[in-house]
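**Student:** Sequence and predicted structure below; questions after.
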Amino acid sequence: MLRVAIDGPGGTGKSTIAKAIAERFEIEYIDTGAMYRALGLKASKLCIDPDDEAAVKAMLDDTVIDFDSGRTMLDGEDVSGLIRTNEISMAASNYSKLAIVRAKVDEVSRHLAATKDVVMEGRDIGTTVIPDAEVKIFMTASPEIRARRRYNQLIEQGRDADYDTIYKEIQERDYQDSHREVSPLRQADDAAFLDSSDMTLEESIDAVAELVAAAL
Ligand code: DC
């Protein structure tokens, strides 16, 4: 059994690295943030107050999240594109504070990891979701570098971007994700630490691949 847990704040390159690892080792890639984003999308569309636990619970009981060939499916609809906005990043972070929301995502995540080899990325995979994963990595990069990477990515896509706004949002989300009560973002004691600030993407992928190869 091979389970690779990659945790860290947004913009560290986790997704790209996890996808490359999935391809290299022919294992399944699971993006837990996409599930929080899908729930954030639905909750904000329905104008559900995060403090209204009964309403959040009713929504969760009536929601199915799944992945289909890498696409994020919310109640049977492909929401992969809709969940990649700044607004939904913040909504995901807001609703992910709730224990009942986390329980829902944990259930789907653990179910997916129970039957196949996976590389799973998120904030609490090594600490809470798969604490006994064969490989655990905590990735980070300075907020300035992460903001710069995100800025460049948006500009390359021909979209509007303002560095200062991106930087502020990154800091806000980092703070919220690492200060919540339930499963905050933190490095597991036995996770390898990787700071990608001064590394190219290729170097980061190779560093993670080395850890995976060593575990095999
Ligand atoms: O990785 P991401 O940017 O797509 O995640 C969006 C938000 O979801 C993030 O700000 C916090 C939340 N999240 C979480 O709380 N736990 C996870 N395992 C993954 C994401």
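**Tutor:** Right, received. Where do you want to start?
**Student:** got the end-to-end distance for stretch 46-59?
**Tutor:** 9 Å (CA to CA, to the nearest Å).
**Student:** I misspoke; the intended subject was stretch 185-201.
**Tutor:** 22 Å.
**Student:** got the contact list for that stretch?
**Tutor:** Stretch 185-201 is contacted by residues 5, 7-9, 12-13, 16-17, 123-124, 126-127, 131, 135-142, 145, 174, 177-178, 203-204, 207-208, 211 when judged by CB atoms under 8 Å, 6 or more residues apart in numbering. C-beta: built from backbone N, CA, C; applies to glycine.
**Student:** What about contact with the ligand: does it have any residue there?
**Tutor:** No - judged by CB under 6 Å from any ligand atom, stretch 185-201 stays clear of the ligand, getting no closer than 7.1 Å.
**Student:** avg pLDDT for that stretch?
**Tutor:** Stretch 185-201 carries an average pLDDT of 96.
**Student:** Figure out how far that stretch is from the centre of its chain.
**Tutor:** Computed by CA atoms, centre = their mean, to the nearest Å, the chain-centroid distance of stretch 185-201 equals 14 Å.
**Student:** swap in stretch 26-43?
**Tutor:** The answer for stretch 26-43 is 7 Å, by CA atoms, centre = their mean.
**Student:** same deal with stretch 22-34?
**Tutor:** Stretch 22-34 sits 11 Å away from the centroid of its parent chain (CA atoms, centre = their mean).
**Student:** pLDDT (mean, whole number) over it?
**Tutor:** For stretch 22-34, mean pLDDT is 97.
**Student:** One more: stretch 161-175?
**Tutor:** Stretch 161-175 comes out with an average pLDDT of 95.
**Student:** So among the contacts of stretch 185-201, which ones count as buried?
**Tutor:** Buried members of the contacts of stretch 185-201, counted by 16 or more other CB atoms under 10 Å: 5, 7-9, 12-13, 17, 123-124, 126-127, 135-141, 145, 174, 177, 204, 207-208, 211.
**Student:** so what's Ala161 closest to, chain neighbours aside?
**Tutor:** Leu154 (3.9 Å; CB to CB, 6 or more residues apart in numbering).
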